[in-house]
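Enquirer: Kindly return the folded structure for what I paste below:
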Amino acid sequence: MTEPNQPRKPDPAVPPLETIDDSQRIPRPRRPSAPQAEPIRTSDDVPPGAIAAFAVLGIIAVGLTLKWGVPKVIDWSHHQDWSWFTQWTATVADPVHAYLTAHTAGLPLTASSAFLIWLGVGAVSLGLAWLTGAVGARLTWIAHGVCSVLMVWDAAPATGRPVAAALAVLAWTIGSVFALRGLSLRPRINIHTHTHNHPAR
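Expert: Numbers count the residues shown, from 1 in each chain. Sure thing, here's the model as predicted:
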């Protein structure tokens, strides 16, 4: 142990670390990837007899469905009471028509034309959002649903206003099952891995 007044002895020299040239480095061995099953090729792996059998069974199933299934469904629908559906439709559509009638006075657009536009925009946006999943079609469908619920709330009778608005929301959510299919609220995290290849020295 040195005294405070004595000069401190220099530390011994640290030898330099030996480095390996990049050209002499051996990369870490890669793990072999798990074997993946090869996809089935219809023309090579499935015998032609099986394809013909499946085709014949499909044609028979379609024929039986058209001959027996469709008439039974039509007959069943004729014996059902669909008044609940017409009443539900009127509960939503009548307040919308009344709202458009009251708020299109003095406009070049008549209430009937505005009602047809409302129906057309809803049907077209629903179809496009369902078939294409376009963002614009989905936004139009959402805006159509919000406007419809607000019109129903404003024009429905005061005593039945909550029920009418609730039925309008349910109708819109049922359509949203198709219009907003595949839409997820979870954020997507994309991780990009950049590999830099340094040239050998």
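
Enquirer: what comes up buried for whichever strand or helix holds Val56?
Expert: Taking DSSP states H and E as the criterion, Val56 maps to helix 48-64. Within helix 48-64, no residue qualifies as buried by neighbour count (16 or more other C-beta atoms under 10 Å). All C-beta atoms are positioned from the backbone trio N, CA, C, and that covers glycine.

Enquirer: Mind jotting down where the helices sit in this structure?
Expert: Applying DSSP state H to the chain gives helices spanning 42-45, 48-64, 70-78, 83-103, 111-131, 135-155, 161-179.

Enquirer: Now mean pLDDT and distance to Gln36 too, for those helices, in a markdown table please.
Expert: Converted to a markdown table, the helices of the chain look like this (pLDDT from 0 to 100; distance: least, C-beta to C-beta, whole Å):
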| stretch | mean pLDDT | distance to Gln36 |
| --- | --- | --- |
| helix 42-45 | 60 | 16 |
| helix 48-64 | 80 | 24 |
| helix 70-78 | 74 | 43 |
| helix 83-103 | 93 | 50 |
| helix 111-131 | 94 | 33 |
| helix 135-155 | 95 | 35 |
| helix 161-179 | 94 | 35 |
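
Enquirer: I'd like the ones you listed laid out as TSV, including distance to Ser33.
Expert: Shown next, in TSV, are the helices of the chain (distance: least, C-beta to C-beta, whole Å):
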stretch	distance to Ser33
helix 42-45	23
helix 48-64	32
helix 70-78	51
helix 83-103	56
helix 111-131	38
helix 135-155	37
helix 161-179	40
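
Enquirer: Isn't Met151 up against Asp94?
Expert: No - shown here, Met151 and Asp94 do not form a contact pair, counting by C-beta atoms under 8 Å, at 10.7 Å.

Enquirer: Name the residue in these two with the higher neighbour count.
Expert: Met151 (21 against 14; other C-beta atoms under 10 Å).

Enquirer: The more buried one and Leu116, how far apart?
Expert: Counting by C-beta to C-beta, to the nearest Å, the gap from Met151 to Leu116 is 15 Å.

Enquirer: do Arg181 as well
Expert: Distance check for Arg181 against Leu116: by C-beta to C-beta, it reads 27 Å.

Enquirer: Ok, Gln87 next?
Expert: Look at Gln87 and Leu116: by C-beta to C-beta, they are 22 Å apart.

Enquirer: now do Arg161
Expert: Distance of Arg161 to Leu116, computed by C-beta to C-beta: 25 Å.

Enquirer: Can you pick out the residue with more neighbours from these two?
Expert: Shown here are Arg161 and Leu116; by other C-beta under 10 Å, Arg161 has more neighbours (15 against 11).

Enquirer: If anything else comes up later, I'll come back, but that's it for now.
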